[in-house]
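> here is a sequence together with a model predicted from it:
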Amino acid sequence: MMSGFSRSRAVGVLAAAALLTATAACGSGSGSAQTATTASGAAGGKPEVVAAFYPLQWLTEQVGGSDATVTGLTAPGVEPHDLELSIQQVTELKDAALTVYIKGIQPAVDDAVDAEKSFDAATAVTTIPAGEHAEEEGHAEEEHGHEELSYDPHLWLDPSRLATVATKLGERLATADPAHAQGYRDRAAKTAATLGTLDQEFTQGLSTCKTKTLVTAHEAFGYLADRYKLKQVGITLDPETEPSPTRLSEVAKLAKAEGVTTIFTESLVSPKVAEVLASQVGAKTAVLDPLEGKPSGDYLSAMRDNLKTLQTALGCTA
Ligand SMILES: [Zn+2]
């Protein structure tokens, strides 16, 4: 059951009486009385929603609209897998009405979230299994990788799954803030429709291609591959791990066999390994954005850039 919104900094502008009500409510665990007080519409009454990293922040902003205050936990330019939380951020997380995250991307966030006040986007969709070489290689940095997960957490790279997340997030916010339920549901529907259009563009754009093999720096594109019938070959499973020489020669062999012309690099990860591999197999490199950090535009424009990059690299004619 959802408890009422916990109040944070913004509540200072409200009457002391309201603050007392909210404080009492936090302990009581019964939400109906105090969620009603958020209906006042005052800025201080907006639920504070924390989004763990960029794609979820974008999505939460679309669905939350002007009814919620959305804060991103991962600063632009930071690889989200690396995120360590400051004491202030842990407090921010505890105080938030809702935290939107994906279990398995950021161990620090997984440890800090409150199960009652969080929305794990991985529970909203059908997940795919974790990268296939996960068990074969003994990764040194277990605490940063996805190794302990049975599923691949990079689900935002499939717009159709993200549309499902939008719809369920809308329901979750509507339950948490009933006074603005209709607004959350309307914006969720609009966001899901926008993502549906993007999904169609991908389906069409990647329908007729010379090769279907994607060689990527880290295995972030499993959902994109799953949705659009491509085959992902990740050099590493997570951005922190250096590939072993065995893995590198394995990927090189595969890339040659599949006629791969482009090895994909990422904006937040050093392109060095991908460049070495590209020169080995006589391929070019191009940036495919896994959208783990904020792009120069937004989620939609970065995904459309990805589509163009893929069409060129894979020789698609649509
Ligand atoms: Zn990743």
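Everything's here; your move.

> could you pull out the helices for the chain?
16-28, 32-37, 54-64, 87-95, 107-112, 159-176, 181-205, 222-228, 245-257, 272-281, 299-314 (DSSP state H).

> deepest of those helices, which one?
Across those, averaging neighbours per residue (mean count of other CB atoms under 10 Å) puts helix 54-64 on top, at a mean of 25. C-beta coordinates here come from the backbone N, C-alpha and C atoms, glycine included.

> quick one on the thing from earlier: make CSV from the helices of the chain and add mean pLDDT to it.
Formatted as CSV, these follow (pLDDT from 0 to 100):
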stretch, mean pLDDT
helix 16-28, 35
helix 32-37, 36
helix 54-64, 98
helix 87-95, 94
helix 107-112, 94
helix 159-176, 98
helix 181-205, 98
helix 222-228, 96
helix 245-257, 92
helix 272-281, 90
helix 299-314, 97
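
> nearest approach to T71 belongs to which of the ones you listed?
Of all those, helix 87-95 sits nearest to T71, with 6.9 Å by CB to CB.

> packing partners of that closest one?
Packing contacts for helix 87-95, counted by 3 or more CB pairs under 8 Å, 6 or more residues apart in numbering; DSSP states H and E, involve strand 48-51, helix 107-112.

> please compute how far it lies from its chain's middle.
In terms of CA atoms, centre = their mean, to the nearest Å, the centre of helix 87-95 is found 20 Å from the chain centre.

> send me that helix as PDB with only the CA atoms.
This file holds the C-alpha atoms of helix 87-95, laid out as PDB (Å, rounded to 0.1, in the frame of the first residue of the first chain):
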ATOM      1  CA  ILE A  87      24.500  11.300   2.000                       C
ATOM      2  CA  GLN A  88      22.400  14.100   0.700                       C
ATOM      3  CA  GLN A  89      21.100  12.000  -2.200                       C
ATOM      4  CA  VAL A  90      20.300   9.100   0.000                       C
ATOM      5  CA  THR A  91      18.200  11.500   2.100                       C
ATOM      6  CA  GLU A  92      16.600  12.900  -1.000                       C
ATOM      7  CA  LEU A  93      15.700   9.300  -2.000                       C
ATOM      8  CA  LYS A  94      14.200   8.600   1.400                       C
ATOM      9  CA  ASP A  95      12.100  11.800   1.300                       C
END
